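1. here's a sequence, model it:
(2 chains)
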Amino acid sequence: MSISKAKAHGARYSTIRQLSASSCARLSRAVESGLVTLGAALIGVLMVFPFFWMVSSSLKSQQELFRLPPTLLPTEWIFSNYVRAWQAARFSRYFANSVFVAVTGTLLTLVVCSMAAYAFAKLRFKSREVLFWLVVSSQMIPGIVTLVPSFLIVKSMPLAGGNNLLGSGGHGWLNSFEGLIVPGAGSAFGVFLLRQFFFSIPDELLHAARVDGCGEFRIFYNIMLPLSKPALATLSIFTFQGYWNDFIWPLVITTEDKVRTVQLGLTVFRQRFSTDWGPMMAGVTIATAPMILIFFSAQRYFVGGIALTGLKG
Amino acid sequence: MITTLQRRKRTGSRGSGTAAFFFLLPFMLLFIVFKAGPVIASLVLSFTSYDALSPPVWVGLANYRDILLGTEAATRLFWRAVANTLYFTVGQVSLEALTGLGLAILVNSRALRGRTIWRTAYYLPVVTSTVAVSMVWLWIYNPQVGLLNSMLRSLGLPTLTWLSDPKLAMPSIIAVAVWQGAGWSMLIYLAGLQSIPESFYESARIDGASGWQQFRHVTVPLLMPVTLFIVIMSCISALQVFAQVYVMTQGGPLNATITVTYHIWNNAFRFYRLGYASAMAFLLGIVIVAISVVNAKVFGGRVEY
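-> Got it, this is the predicted structure:
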């Protein structure tokens, strides 16, 4: 009797001890979690702060921008900086140009690269592997090596911009949308990415379609492309980002406002508003907003794409 | 029998070959005109003197001799640019890898709440354009009313001329590049961390390894290939740094931030020394291709993880 009581007591005691131990562990885990999350939040604030500062500055009046110590948020919210930025230095034109170049460039890249990737993944032809190896290796060649010759080629594009058949006499594709869009569309990276994805689509599916009398183009358009939406989405996001953020190529081939992109527009701004930081930050905000919005709405493609390819922005 | 089979096979592949030709045509045209062609053209140009107005003149190895062994100011400037580019590359690549590793460990921590939010925050600078973020930092670095100096002033500390001090300009540019690139290396490290099996840590714990020892003897060695990959990829882009310099310092003060790509751009599109610029571009290209070949050798030509 007494033994069983003692046992029962002991059991109850150990349960209590376990309980307190586990609640202790839970508490320490909560503290750890709180500290780690606090650290992450502090770093997060630090990383995002320049963007916050950009937007906040764009909404301040000139006097407030020069106030010491600076205010975190505008005391009075001013939207006139945006109006001035949008109207000055043909910024709205630069923005529209960038949208056009990035959208058209992305579409062209998707068409060109998916077609080539289909041939490399699913069609048999002579020296396929050698050719593919050549294309993939070309990715190693840095842009700076091809910059000067590409400029000269664009300048002497035959029968464009006043050029004759031999490509002399005019300015070719300089200061043109073709010059901004076309050279970037043959992306070796795009072919590589899509080919990898096309491999995952079983050959049996294509064979069945061929037996049913489908031509290669219908197979490509009606079977491959619809099945490859995730890969196409990933490629279009990276391509759009590439066109939107590109700087050195537009800098080299454009000198006229009618074709200049928004990144170039920002540097024009810098000369125009050398100390007028309000409109300048408004311009920068406008120029970065599309990429930030795309990033937030299509995050999984960014994260998945980077992890998959290791592409360095 | 065999011959008919062979013939049929051949006709089959020829049919497929015609289709392949049309599917490849647009890409190969662009590839030849804007990639393969320019590489060869760049090499040819580098042996000429060319100002884009009068026809190019063949000068043999003169450009390379001038670049590497010349005594004129342009040569000294080239070597200055090489030194600056190496400074930038070493600083940016090492700090970016370290920061990325720290962020990845933080984001991978099981104790962390709201993982996706922080990952998004850290990655945000990567997707924005270098020109735009350089403008924002230009404002933050502003010597009179910029945020950094205002903070220093309110703490009663002496202010700094971030971008116009020859000693401070390059570190200031590196800081921006590290801030912008850390999210990228975080993401690659994160994939690496998640591929380390939990059992490795369990057996280390059974052997009595502390948290630091687990990091030192399990995480770091197993992440070595990932680190190498990050370092190589970052080197390739850091060696071509341009937009930050163009926007923030234009190579100044006193050429303290002039980089090889900026120097090439200057020679090609300001002074129209296209042959000379091509030779420099080709030299930089050789260095970068060599690094890429190491990359391909180490990772077996794979870019993915």
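2. contacts and neighbour counts: CA atoms only from here.
-> OK.
3. my read: residue A:253 touches residue A:177, true?
-> No: in this structure, residue A:253 is not within contact of residue A:177 by C-alpha atoms under 8 Å, at 10.1 Å.
4. neighbours around residue A:47, how many?
-> Residue A:47 sits with 21 neighbouring residues when counted by other C-alpha atoms under 10 Å in any protein chain shown.
5. then residue B:72?
-> With other C-alpha under 10 Å as criterion, residue B:72 counts 10.
6. and it, its phi and psi?
-> phi -70, psi 170 (degrees, to the nearest 10).
7. can you tell me how far it is from residue A:79?
-> Plainly put, residue B:72 is 52 Å away from residue A:79 if you go by C-alpha to C-alpha, to the nearest Å.
8. same question for residue A:23.
-> Residue A:23 is 53 Å from residue A:79, by C-alpha to C-alpha.
9. quick one, which of those two is more surrounded?
-> Between residue A:23 and residue A:79, counted using other C-alpha under 10 Å, residue A:79 has the larger neighbour count: 15 against 12.
10. and the strands in chain B, which stretches?
-> In chain B, the strands defined using DSSP state E lie at B:48-49, B:57-58.
11. nearest to chain A, of these?
-> Among these, the nearest to chain A by C-alpha to the nearest C-alpha is strand B:48-49 (12.8 Å).
12. got a list of contacts for that closest one?
-> B:56, B:57, B:58, B:59, B:60, B:63, B:273, B:274, B:275, B:276 (C-alpha atoms under 8 Å, 6 or more residues apart in numbering or on different chains).
13. what's the per-residue pLDDT of the first one here?
-> This means residue B:56. Listed pLDDT for residue B:56 reads 89.
14. need phi/psi at it.
-> Residue torsions, per degrees, to the nearest 10, at residue B:56 are phi -60, psi 150.
15. my guess is it contacts residue B:50, does it?
-> Yes: using C-alpha under 8 Å, residue B:56 makes contact with residue B:50 at a distance of 4.4 Å.
16. who has more neighbours, the two?
-> Set residue B:56 next to residue B:50 and count neighbours by other C-alpha under 10 Å: residue B:50 wins out with 22 against 15.
17. surely that one meets residue B:274?
-> Yes: counting by C-alpha under 8 Å, residue B:274 is a contact partner of residue B:50 at 5.4 Å.
18. on that earlier part again, would a markdown table of the contacts of strand B:48-49 with distance to residue B:157 be doable?
-> Formatted as a markdown table, those follow (distance: C-alpha to C-alpha, whole Å):
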| residue | distance to residue B:157 |
| --- | --- |
| B:56 | 57 |
| B:57 | 58 |
| B:58 | 59 |
| B:59 | 57 |
| B:60 | 57 |
| B:63 | 49 |
| B:273 | 47 |
| B:274 | 48 |
| B:275 | 50 |
| B:276 | 47 |
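19. which ones, among the residues you listed, also lie beside chain A?
-> Taking C-alpha under 8 Å from any C-alpha of the partner chain as the test, chain A is in contact with residue B:274 out of these.
20. quick one: which of the contacts of strand B:48-49 is most hemmed in?
-> Highest neighbour count within those: residue B:275, with 30 neighbours (other C-alpha under 10 Å).
21. pLDDT weak spots in the stretch 151-300 of chain B?
-> For the stretch 151-300 of chain B, the stretches flagged by pLDDT under 70 are B:300.
22. close to chain A: what parts of it are there?
-> So the stretch 151-300 of chain B meets chain A at B:151, B:154, B:179, B:184, B:187-188, B:191, B:233-234, B:236-237, B:240, B:242-243, B:247, B:261, B:268-269, B:274, B:277-278, B:281-282, B:284-285, B:288-289, B:292-293 (C-alpha under 8 Å from any C-alpha).
23. need the buried ones from those residues selected in ChimeraX.
-> To isolate the buried members of these in ChimeraX, using 16 or more other C-alpha atoms under 10 Å in any protein chain shown:
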select /B:151,179,184,187,188,191,233,234,236,237,240,242,243,247,261,268,269,274,277,278,281,282,284,285,288,289,292,293
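24. restricted to helices, list the residues of the stretch 151-300 of chain B next to chain A.
-> B:151, B:154, B:179, B:184, B:187-188, B:191, B:233-234, B:236-237, B:243, B:247, B:261, B:268-269, B:274, B:277-278, B:281-282, B:284-285, B:288-289, B:292-293 (DSSP state H).
25. circling back to that earlier point, ok, the contacts of strand B:48-49 vs chain A, which is closest?
-> residue B:274 (7.0 Å).
26. what residues are up against the closest one?
-> Residue B:274 neighbours (C-alpha under 8 Å, 6+ apart): A:148, B:45, B:46, B:49, B:50, B:51, B:52, B:267, B:268.
27. now the residues you listed as CSV including distance to residue B:299?
-> Output for those, formatted as CSV (distance: C-alpha to C-alpha, whole Å):
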residue, distance to residue B:299
A:148, 31
B:45, 33
B:46, 32
B:49, 40
B:50, 40
B:51, 42
B:52, 41
B:267, 36
B:268, 35
